[in-house]
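**Q** build the 3D model from these lines:
(2 chains)
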Protein chains: 2
Amino acid sequence: MIAAMELGGTKTVVAIGESDGTLIEEYRFPTTKPEETFQTAIEWFAKRGVPTKIGIAAFGPVQINPKAANWGDILPTPKPHWSGFSITKSLLEAFPGVEITLETDVNAACLAEARIGAAAGLDNVVYITIGTGIGAGVLCDGRLLHGALHPEFGHLITPRKDGDDFAGACSFHGICLEGMASGPAIEQRWGIPGGQLPPEHAAWDTEAWYLAHGILSLLAIAPPERVVIGGGVSQAEGLHEKTEALVRKLAAGYFPAVENSPYVVPPKFEQEAGIRGALMLTGM
Amino acid sequence: MIAAMELGGTKTVVAIGESDGTLIEEYRFPTTKPEETFQTAIEWFAKRGVPTKIGIAAFGPVQINPKAANWGDILPTPKPHWSGFSITKSLLEAFPGVEITLETDVNAACLAEARIGAAAGLDNVVYITIGTGIGAGVLCDGRLLHGALHPEFGHLITPRKDGDDFAGACSFHGICLEGMASGPAIEQRWGIPGGQLPPEHAAWDTEAWYLAHGILSLLAIAPPERVVIGGGVSQAEGLHEKTEALVRKLAAGYFPAVENSPYVVPPKFEQEAGIRGALMLTGM
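**A** Reported below is the predicted structural model:
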């Protein structure tokens, strides 16, 4: 039995399926305290059989380096109860010998979109999600990037848009992508949640500005052939097109990849990208 | 015989040596027109034997994807005579059956510094060079990054430093790293070449600002464990320390990798990193 788990900040998804990303059955429930969350997951799996492989897509910061002594641990995080919790230990105890593959939630989603989703067949793909926070999974040369820890794309520091005097919602950096373009940033800047702002509102030009600068940084470092943007905020009408047009304008003809259209696209799987990617991790 | 070639914008280096980066003999000469440059290289190699492998570290933009039909071609460049020239063809004609490995000059230098140089033993290393232009080679998870083409780190767009009203020296983007922090940018901004500006000059705070923002972007996308900065401009006294301190300050505790010291270092090989890396390409 091939199983998968997407551990998100507010919801958790467990599933059984195939390593090609096929979902057979899934179950979604709120992420609560760590022990409770994992007990629910383990009971759900156990009722369906004994998994031989589990792919996990986890929120971060998380130690995903299999060579590290603290592999599988949630690193210091403001999220109560989770700092230092091992997300692999209880699964290994419940299912001795199970093979666990662990990735960040955004890397798993990136994998699904790059192999069977909105960027199928491409080896250089970035998946960005914009909601309460901003994160990105980066596939470069057909491999998911980790580096010294894992990409923390939400904390990319960007130039300020002319006329935008918002102080920024990130407690670390003020003006970083998450500070300027996350859901809370939009609501704090305009006094209205993004979901209630009409497509013609200036908020979306501002949003596209920060996203475009994030993509320009990607082009300079790990150039993607296509960028998939998902998450609640991304559902604003026309945001992908607006961002793509601005990236192309600011790139000023320098980055050939950007001339391909569509370049900035919505995800194919949206809510299911993470759990499908987690299933696919078992085949890597 | 293992051979290597570093094709630079102004100088070319040819060498014979070992795939561990050991240099046996090298020869440096000015890069002139393409045919002439390669004739000189081929004659130098031929006098020493018939190479079985050649590692090439080339200036860009260059097509380094071995799957591409135009593999080995210099892509459109303002450098006269070089656009469209194949840097592999004449070598393959001169030495039939020779195995050629082609990389960007900065990726090759990064490889040498990461394996036997200033970042020896680390798997996540960035090598930045600052001279007439700015470029970077990125080793992430032990692999050199390419992506849709190859990193064009010099064209990373950064926030403007408060009080810096320089328009930028890059004809594409104005304010990008190369536009704000390359040798020509320094000379245009201050009216004095970098080499003549004393260490206490404000120019170096400005320089460190732009470099630090480049490194912060790397931390968000392909986080390095150490950053090696070389090239003529980097030889200013104290620039590495100043840049490291500013990166750490601006990171605001968010990126664990930055807390390691030294984090921003000069290269071990400086002039020889590229050609040593080119030799090492033959062993990959």
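**Q** please parse chain A into its domains.
**A** For chain A, automatic domain parsing gives the domain ranges A:2-107+A:272-281, A:119-267.
**Q** end to end, how far does the longest one reach?
**A** Yep, that's domain A:119-267 we're talking about. 8 Å (Cα to Cα, to the nearest Å).
**Q** got it, and stretch A:62-70?
**A** Per Cα to Cα, the first residue of stretch A:62-70 is 9 Å away from its last.
**Q** quick one: contacts for the residue nearest to A:Ala57 when sequence neighbours are not counted?
**A** Nearest residue to A:Ala57 in three dimensions, chain neighbours excluded: A:Ala108, at 3.4 Å (Cβ to Cβ, 6 or more residues apart in numbering or on different chains). (Each C-beta comes from the backbone N, C-alpha and C, glycine too.) Counting by Cβ atoms under 8 Å, 6 or more residues apart in numbering or on different chains, A:Ala108 touches A:6, A:55, A:57, A:137, A:273-274, A:277-278, A:280-281.
**Q** one more time with 6 Å
**A** Contacts for A:Ala108 (Cβ atoms under 6 Å, 6 or more residues apart in numbering or on different chains) come out as A:57, A:274, A:277-278.
**Q** can you check A:Phe29 too?
**A** A:Phe29 sits in contact with A:12, A:40, where contact means Cβ under 6 Å, 6+ apart.
**Q** so it, which of the three states?
**A** strand (DSSP: H, G, I helix; E, B strand; the rest coil).
**Q** how close does it get to chain B?
**A** Distance, A:Phe29 to chain B, using Cβ to the nearest Cβ, to the nearest Å: 30 Å.
**Q** which residue ranges form the strands in the stretch 1-150 of chain A?
**A** A:2-7, A:11-17, A:23-30, A:53-58, A:99-104, A:125-130, A:134-140, A:143-144 (DSSP state E, counting those that start in this stretch).
**Q** parallel or antiparallel, list what pairs with the first one.
**A** Put plainly, it is strand A:2-7. Sheet pairing of strand A:2-7 (DSSP bridges) gives strand A:11-17 (antiparallel), strand A:53-58 (parallel).
**Q** single out the most deeply packed of the ones you listed.
**A** Among the strands paired with strand A:2-7, strand A:53-58 has the highest mean neighbour count (mean count of other Cβ atoms under 10 Å in any protein chain shown), at a mean of 26.
**Q** quick one: distance of it to the chain centre.
**A** Taking Cα atoms, centre = their mean, to the nearest Å, the mean C-alpha location of strand A:53-58 is offset from the chain mean by 14 Å.
**Q** any idea of the angle that strand forms with strand A:134-140?
**A** 130 degrees (axes from the mean of the first three to the mean of the last three Cα atoms, to 10 degrees).
**Q** show me which residues of the stretch 151-284 of chain A are close to chain B?
**A** Residues of the stretch 151-284 of chain A lying close to chain B (Cβ under 6 Å from any Cβ of the partner chain) are A:151-153, A:155-157, A:159, A:172-173, A:216-217, A:220-223, A:225, A:252, A:254, A:257.
**Q** recalculate using a threshold of 7 Å.
**A** By the rule Cβ under 7 Å from any Cβ of the partner chain, the part of the stretch 151-284 of chain A lying against chain B is A:151-153, A:155-160, A:172-173, A:213, A:216-218, A:220-225, A:252-257.
**Q** among those, which ones are buried?
**A** Listed as buried from these are A:151-153, A:155-160, A:173, A:213, A:216-218, A:220-225, A:254-255, A:257; burial here means 16 or more other Cβ atoms under 10 Å in any protein chain shown.
**Q** can you give me the buried ones in stretch A:138-155?
**A** A:138-141, A:144-155.
**Q** ends of stretch A:136-155, how far apart?
**A** With Cα to Cα, one end of stretch A:136-155 sits 10 Å from the other.
**Q** average pLDDT across that stretch?
**A** Here stretch A:136-155 scores 95 as its mean pLDDT.
**Q** how far off centre is that stretch?
**A** 10 Å.
**Q** do stretch A:195-208 as well
**A** Worked out by Cα atoms, centre = their mean, stretch A:195-208 lies 22 Å from the chain centre.
**Q** what angle sits between the longest helix anywhere in chain A and strand A:134-140?
**A** The longest helix of chain A (DSSP state H) is helix A:203-221. Put simply, helix A:203-221 runs at 30 degrees to strand A:134-140, going by the same axes, to 10 degrees.
**Q** tell me what the following helix or strand past helix A:203-221 is packed against?
**A** Note on helix A:203-221: by DSSP states H and E, the next helix or strand toward the C-terminus is strand A:226-230. Strand A:226-230 sits against strand A:125-130, strand A:264-265, with contacts defined as 3 or more Cβ pairs under 7 Å, 6 or more residues apart in numbering or on different chains; DSSP states H and E.
**Q** dump those strands into CSV; add mean neighbour count and mean pLDDT as well.
**A** Output for those, formatted as CSV (neighbours: other Cβ atoms under 10 Å in any protein chain shown; pLDDT from 0 to 100):
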stretch, mean neighbour count, mean pLDDT
strand A:125-130, 30, 97
strand A:264-265, 24, 98
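**Q** which one, of the ones you listed, ends up nearest to B:Asn70?
**A** strand A:125-130 (22.5 Å; Cβ to Cβ).
**Q** what about the closest one, near chain B?
**A** No: Strand A:125-130 lies out of reach of chain B by Cβ under 7 Å from any Cβ, never closer than 8.8 Å.
**Q** and that strand with helix B:203-221, angle?
**A** Using the same axes, to 10 degrees: strand A:125-130 against helix B:203-221 is 90 degrees.
**Q** tell me the strands beside strand A:125-130, with direction?
**A** strand A:134-140 (antiparallel), strand A:226-230 (parallel).
**Q** and the gap between A:Gly137 and A:Ala46?
**A** 30 Å (Cβ to Cβ, to the nearest Å).
**Q** could you check which of these two is surrounded by more residues?
**A** A:Gly137 (31 against 12; other Cβ atoms under 10 Å in any protein chain shown).
**Q** where do the helices sit along chain A?
**A** Counting by DSSP H, the helices of chain A are A:34-48, A:89-94, A:105-116, A:177-181, A:183-190, A:203-221, A:239-251, A:273-281.
**Q** ok, and what's touching the longest one?
**A** When contacts are defined by Cβ atoms under 7 Å, 6 or more residues apart in numbering or on different chains, helix A:203-221 is touched by residues A:126, A:153, A:156, A:158-159, A:161, A:164, A:177, A:180-181, A:186, A:190, A:197, A:224, A:227, A:229, A:236, A:239, A:242-243, A:246-247, A:250-251, A:255, A:257-258, B:138, B:151-153, B:155-157, B:217-218, B:221-222.
**Q** hmm, back to that, ok, which of the domains of chain A comes nearest B:Ala118?
**A** domain A:119-267 (16.3 Å).
**Q** who's in contact with A:Ala169?
**A** A:Ala169 makes contact with A:179, A:182, A:184-185, A:188, according to Cβ under 7 Å, 6+ apart.
**Q** before we move on, the earlier item: possible to save the strands paired with strand A:2-7 as CSV with mean pLDDT?
**A** Shown next, in CSV, are those (pLDDT from 0 to 100):
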stretch, mean pLDDT
strand A:11-17, 97
strand A:53-58, 98
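**Q** can you tell if stretch A:88-103 touches chain B?
**A** No: judged by Cβ under 7 Å from any Cβ, stretch A:88-103 and chain B are separated, with a smallest distance of 12.7 Å.
**Q** picking up where we left off before, ok, the residue nearest to A:Ala57 to A:Gln39 distance?
**A** 22 Å.
**Q** equivalent analysis for A:Pro51, please.
**A** The value you get for A:Pro51 to A:Gln39, if Cβ to Cβ is used, is 16 Å.
**Q** looking at those two, which is more packed in?
**A** Neighbours were counted for A:Pro51 and for A:Gln39 using other Cβ under 10 Å; A:Pro51 has more, 23 against 14.
**Q** isn't that one right up against A:Met5?
**A** No: the pair A:Pro51 / A:Met5 is not scored as a contact, 9.8 Å apart, by Cβ atoms under 7 Å.
**Q** any low-confidence regions in the stretch 101-250 of chain A?
**A** Within the stretch 101-250 of chain A, the set of residues satisfying pLDDT under 70 is empty.
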